[in-house]
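> Output the structure for:
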Amino acid sequence: MNALRLTNNLENAEFRVDSASKSNLNFAVVAHYKGSLSTETVQNGLLYLQCMHPLLQVAADTTTKVTHYIKATSTVPFRECRYSPTHQWKEVAKQDLAMRFSNQYEPLWRVTLLKGEGEGELVITFHHAIADGVSTAEIINHLFTIFSELQTTGKAEITEFNRPLPDLKSLYPLSAQEPAEEAPASPREDKGYHTNFLKDAIDEKTTEKMIQWTKAQGVKVNGTLFAAFLLAIRRVVDPDFDAFTAISIVNYRPWFQPAVSKQTLALLRTGIADDFVVQKNEDFSALAQAVHRSVHTQLESGKHVLNLKILEKRLERDISPEELWQRSRFPANAAIITNLGALDFSGKYGDLSLNEIFFVANVEPFIENPTNFILGTLTFQGKTFLSLWFMEELVEEQVGQSILLEMKKILMSL
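So this is what the prediction gives:
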């Protein structure tokens, strides 16, 4: 079968949840560029990129209980569409995200080029088992560096990123806690909902103001953004519960010794949750500090590592994909934020430049309520880019737009 390696627990669980849902666990990064970019350059650049990153060269054999990575026998699936500046990215992303990676010998990513005159967008979609948002932001930088080299010199300088991922168990000493016995999973019906997306951006002035306010409060930006997000949902939706379950998606990379590079393509994320009572007139500073304190207290106690141990225990008892999917459901009162932080590359590549990057994901395996919202954020070139995800059958777009607008108003008032 030409097996390269078994998947680790995080990757294996991702494939199992994917297989048990009507949906899948694909996610996409969207990058808007300025400059002239030929189809030939893009296709050659993708081939270089695939040679650079080993996980971009694999397919998945899911015929056994533990998935194997095998050598893909084709280059990355690629298509080209004409660029339109009016929300075209959304329909393209929905199409690319909806397609399962079901061909056993095709790589676990695909690319769509939206090509215009002097500008366009690149939509790169991954199976989440091979990548997280941190590493795929770096992929964008690598790719446009390659494009620039190809256009100026006709060849790219390839650096292979083949650093092996450390054993996840090397993190276990960071948590003294051990998993408790779990109650039976709650029954769950897959209703076949679909994820919808909205995007927006916080301008440079407001972003800088937010960062300075955050520093003055002694918290991290995640706490400030999450406080604004929760307060915006309360004011716009005003759900019939007092306490939100706030889930921060955190990355394992900094906790390895040495830390795993952002450039190492891998799935390395988990969620840290806590409950917060939020009223419409909530003290914003107190809420931001409470979120920050909760997340970092849990990280210091090793809660993220306990999550790894819980997952291992589940897989060791040969949990079915259906049960794992059932246990992946977020509570009805959950709001989730995944923040990639500030990207540290300029986005300038000779005659090419990037001016916008954001990410979206299928989240049907996790959320299923009209009060569930997920916010993806990153800061690039001084702006904070926002993408809001929710179920299109349950939430009107106007509600999502109002949440983003209210969130921006809160941050502008700091």
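> Burial check on the nearest residue to residue 61 once chain neighbours are set aside, number of neighbours?
Spatially, and ignoring its direct neighbours in sequence, residue 61 is nearest to residue 68 (4.4 Å; C-beta to C-beta, 6 or more residues apart in numbering). Every residue, glycine included, has its C-beta placed from N, CA and C. Residues contacting residue 68 under the criterion other C-beta atoms under 10 Å number 19.
> same thing with the one 5 residues further on?
Here the number of neighbours of residue 73 (other C-beta under 10 Å) works out to 12.
> Is it in a helix, a strand, or coil?
Here residue 73 is coil, with the state taken from DSSP: H, G, I helix; E, B strand; the rest coil.
> With adjacent residues omitted, what lies nearest to residue 36?
residue 118 (6.4 Å).
> Now do the contacts for the closest residue to residue 315 other than its chain neighbours.
Closest residue in space to residue 315, ignoring its immediate chain neighbours: residue 9 at 5.7 Å, by C-beta to C-beta, 6+ apart. For residue 9, the contact set (C-beta atoms under 8 Å, 6 or more residues apart in numbering) comprises 168, 308, 311-312, 315.
> List phi and psi for residue 9.
Dihedral angles of residue 9 (phi, psi; degrees, to the nearest 10) stand at phi -60, psi -40.
> begin at 33 from here
In the new count, where the first residue is 33, that last one comes out as residue 41.
> confidence score at it?
Reported pLDDT at residue 41 in the predicted model: 97.
> One more: residue 371?
Predicted confidence (pLDDT) for residue 371: 96.
> Repeat that for residue 211.
With respect to pLDDT, residue 211 scores 96.
> can you check residue 169 too?
94.
> my read: it touches residue 62, true?
No: applying C-beta atoms under 8 Å, one finds residue 169 not in contact with residue 62, separated by 11.4 Å.
> For these two, indicate the residue with more neighbours.
residue 62 (25 against 22).
> That one and residue 231, how far apart?
According to C-beta to C-beta, to the nearest Å, residue 62 stands 8 Å off from residue 231.
> Now the common contact residues for the two.
Common contact partners of residue 62 and residue 231 (C-beta under 8 Å, 6+ apart): residue 390.
> so who does the most centrally placed residue in the chain touch?
Taking C-alpha atoms, centre = their mean, the centroid of the chain lies closest to residue 165, which sits 4.3 Å from it. By C-beta under 8 Å, 6+ apart, residue 165 lies in contact with 59, 61, 301, 370, 372, 391, 408, 410.
> Pick the one among these closest to residue 307.
residue 370 (18.9 Å; C-beta to C-beta).
> In this structure the closest one contacts residue 406, no?
Yes: if you go by C-beta under 8 Å, residue 370 and residue 406 touch, sitting 7.0 Å apart.
> quick one: stretch 142-157 to chain centroid distance?
For stretch 142-157, the gap between its own C-alpha mean and the chain's C-alpha mean amounts to 19 Å (C-alpha atoms, centre = their mean, to the nearest Å).
> Which is the succeeding secondary structure element to the helix of greatest length in the chain?
Using DSSP state H, we find that the single longest helix of the chain is helix 165-185. Next along the chain after helix 165-185, taking DSSP states H and E as the criterion, comes strand 227-234.
> And for that next one, what's in contact with it?
Residues from elsewhere that reach strand 227-234 (C-beta under 8 Å, 6+ apart): 55, 122, 125-126, 129, 242, 388, 390, 392-396, 415-424, 427, 429, 432-433, 436-437, 440, 443.
> Are we agreed that residue 358 is in a helix?
Yes: looking at residue 358 with three-state DSSP, it is inside a helix.
> out of everything not next to it in sequence, what's closest to it?
In space, and not counting its chain neighbours, residue 358 is closest to residue 217: 4.2 Å by C-beta to C-beta, 6+ apart.
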